[in-house]
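1. Okay, predicted coordinates and the sequence, questions at the end:
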Amino acid sequence: MSRIVIKVGSSLLVDPAGEVRRDWLATLVTDVAMRRARGDEIIIVSSGAIALGARKLGLAKGGRASLEDAQAAAATGQIALSQCWADLLDGHGITAAQMLVTLDDLEDRRRYLNASATLDRLIGLGVVPVINENDSVATEEIRFGDNDRLAARIGQAAGAERVILLSDVDGLFTADPTRNPDAKRIETVKRIDQRIAGMAEEGTSSGMGSGGMGSKIEAARIAASAGADLIIVSGKHDHPLDRLDAGGCGTLFMAKGNARARKAWLAGRLTVRGRVTVDAGAVKALMGGASLLPAGARSVEGKFARGDVIDIAGPDGTAFARGLSEYDAEEAALVCGKRSEELADLLGHAPRAALVHRDHMVLL
């Protein structure tokens, strides 16, 4: 038995005329029902509300001409989208539940735990949760922006073993397969390095969705840090999950291993308050499991308070760790590069031993 998150992109759910591709969706729901019958627990992350609402309201540019249009389209389209899922799942004797979340619901630790508990209870009751970003209230500054990363974060919150991104592309390729006939599909990715990240090209071929390959790579990183495999595969076929099981398609991003829940939440956060750059010695120490001491820090950026999430970057500027700061930004800058015996005199009070303690830090 596995707990699986399945994300469905807008270009698969909604045709160019703004109508639900109901016949195709029925084949996917049949796949879902078959997997539930064999014991799998399924969570759906569904795009499509803005595209559906835009057609009903007659809005230009698919409802994305302005933030206000997108919010209105989402509020209108979400009703139709949820009803479609509920009707098709009910045809297989399955109850659907709707959950609309915002970025803050999964970035705030308490609200994240509440969402996790709700998901777990729904699944325990035999329900299939259908989740979407609450685009009717989300703003440009506070939003996921695409459902790829949302699916990965939901996978974390739900403790899923696998996240499947059904898309308009059949995985990660060495080049754009629509422009380069020699492009090769990557079957398995064990580690997301610069070479893999460089293969990502932003944008979708449909122009209807908001997540390109870059967002899918980021989703894979989030999922892997939580111990979940992630698969990118084309949904441009009937019964896409059956096709995936048959093999010969998609790209599998392998999990790093099971991370502790708090550290998985840290690694998957999409917003941080600041950054501390450290020297090569500190990089080596942190990679070996040590805490970040002030002596290893070289510079501090951002405005953050004690307990806020910050990134830790090496000499090349690349963030390699993330954690909860033991100091606010002003004090962190004051003790940056200082030895432990100097801290009390600098601060005027007893110092905390670490800038970021290893128990509140995760390697990215």
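-> Sure, I can see it. Because the structure is predicted, anything quoted here is derived from the model rather than measured.

2. got the residue ranges for the helices in the stretch 1-150 of the chain?
-> 10-13, 22-37, 49-57, 67-90, 103-107, 109-124, 147-158 (DSSP state H, counting those that start in this stretch).

3. Buried residues of the fifth one, list them for me.
-> Translated: helix 103-107. 103, 105-107 (16 or more other C-beta atoms under 10 Å). Placement of C-beta: from N, CA and C, glycine included.

4. and if you look at the first one?
-> The neighbour-count criterion (16+ other C-beta under 10 Å) identifies 10-13 as the buried residues of helix 10-13.

5. could those be laid out in CSV, adding distance to residue 255 and pLDDT?
-> Putting the buried residues of helix 10-13 into CSV (distance: C-beta to C-beta, whole Å; pLDDT from 0 to 100) gives the following:
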residue, distance to residue 255, pLDDT
10, 27, 90
11, 27, 89
12, 25, 94
13, 27, 94
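
6. of those, closest to residue 343?
-> residue 10 (52.5 Å; C-beta to C-beta).

7. Wait, that closest one touches residue 51, no?
-> Yes - at 5.0 Å, residue 10 counts as touching residue 51 under the criterion of C-beta atoms under 8 Å.

8. Spit out the contact partners of residue 325.
-> For residue 325, the contact set (C-beta atoms under 8 Å, 6 or more residues apart in numbering) comprises 273-274, 276, 304-310, 332, 355-356.

9. switch the cut-off to 6 Å
-> 304, 308, 310 (C-beta atoms under 6 Å, 6 or more residues apart in numbering).

10. again, but for residue 132
-> 46, 49, 100 are the contacts of residue 132 under C-beta under 6 Å, 6+ apart.

11. I'd guessed the first one sits against residue 8; true?
-> Yes - counting by C-beta atoms under 6 Å, residue 46 does reach residue 8; the two are 5.2 Å apart.

12. Quick check, central residue of this protein?
-> residue 149 (2.4 Å; C-alpha atoms, centre = their mean).

13. What number of residues are in the vicinity of residue 323?
-> Using other C-beta atoms under 10 Å as the criterion, residue 323 is surrounded by 28 other residues.

14. Quick check: it vs residue 279, distance?
-> Distance of residue 323 to residue 279, given as C-beta to C-beta, to the nearest Å: 17 Å.

15. burial count for the closest residue to the residue nearest to the centre of the chain other than its chain neighbours?
-> Spatial nearest neighbour of residue 149, excluding adjacent residues (C-beta to C-beta, 6 or more residues apart in numbering): residue 219 at 5.0 Å. As a burial measure, residue 219 scores 28 neighbours (other C-beta under 10 Å).

16. Residue 219 belongs to a strand?
-> No - Residue 219 sits outside any strand when classified using DSSP: H, G, I helix; E, B strand; the rest coil, being helix.

17. Point out where the stretch 51-200 of the chain drops to low pLDDT.
-> Along the stretch 51-200 of the chain, the model assigns pLDDT under 70 to residues 138-145.

18. let's go with 90 and repeat that
-> 60-67, 70-71, 102-117, 133-146, 149, 156-157, 159, 168-169, 174-183, 191-200 (pLDDT under 90).

19. and if you look at the stretch 201-350 of the chain?
-> 201-215, 218, 221-222, 224-227, 255-273, 305-309, 318, 322-326, 339-350.

20. so where do the helices sit in it?
-> 213-225, 240-246, 261-268, 280-287, 329-335, 343-347.

21. If you count neighbours, what's buried in the fourth one?
-> Pointing back at helix 280-287 there. So for helix 280-287, counting by 16+ other C-beta under 10 Å, buried means 282-283, 285-286.

22. Of all pairs in those, which one spans the longest distance?
-> 283 and 285 (7.4 Å).

23. Count the neighbours of residue 331 for me.
-> Other residues close to residue 331 by other C-beta under 10 Å number 21.

24. no, scratch that, I was asking about residue 191
-> 11.

25. of all the contacts of residue 325, which comes closest to residue 347?
-> residue 304 (16.8 Å).

26. Show me the domain layout of the protein.
-> 3-264, 272-363 (automatic domain parsing).

27. most neighbours per residue, which of the ones you listed?
-> Of all the domains of the chain, domain 3-264 carries the top mean neighbour count, a mean of 19, counting by mean count of other C-beta atoms under 10 Å.

28. all strands for the stretch 151-300 of the chain, in order.
-> For the stretch 151-300 of the chain, applying DSSP state E, counting those that start in this stretch gives strands covering 162-167, 188-189, 229-234, 251-253, 274-278, 297-302.

29. Note down every partner strand of the first one and its orientation.
-> This means strand 162-167. Its sheet considered, strand 162-167 pairs with strand 3-8 (parallel), strand 229-234 (parallel) by DSSP bridges.

30. Please apply the same query to the shortest one.
-> Using DSSP bridges, the strands paired with strand 188-189 in its sheet are strand 251-253 (parallel).

31. Could you tell me the end-to-end distance of stretch 9-29?
-> Stretch 9-29 has an end-to-end distance of 15 Å (C-alpha to C-alpha, to the nearest Å).

32. any idea how far that stretch is from the chain center?
-> Relative to its parent chain, stretch 9-29 has a centroid offset of 23 Å by C-alpha atoms, centre = their mean, to the nearest Å.

33. cool, and stretch 347-361?
-> 30 Å.

34. hey, C-alpha coordinates of it in CSV?
-> C-alpha atoms of stretch 347-361 as CSV (Å, rounded to 0.1, in the frame of the first residue of the first chain):
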residue,chain,number,x,y,z
LEU,A,347,26.3,41.2,22.9
GLY,A,348,26.2,42.3,26.5
HIS,A,349,24.5,39.0,27.6
ALA,A,350,25.2,35.3,27.6
PRO,A,351,25.4,34.2,23.9
ARG,A,352,23.7,31.2,22.3
ALA,A,353,26.3,28.7,21.2
ALA,A,354,25.1,28.4,17.6
LEU,A,355,23.8,30.7,14.9
VAL,A,356,21.8,27.7,13.6
HIS,A,357,21.7,24.5,15.7
ARG,A,358,22.0,21.2,13.8
ASP,A,359,18.7,20.0,15.3
HIS,A,360,16.9,22.8,13.5
MET,A,361,18.8,22.6,10.2
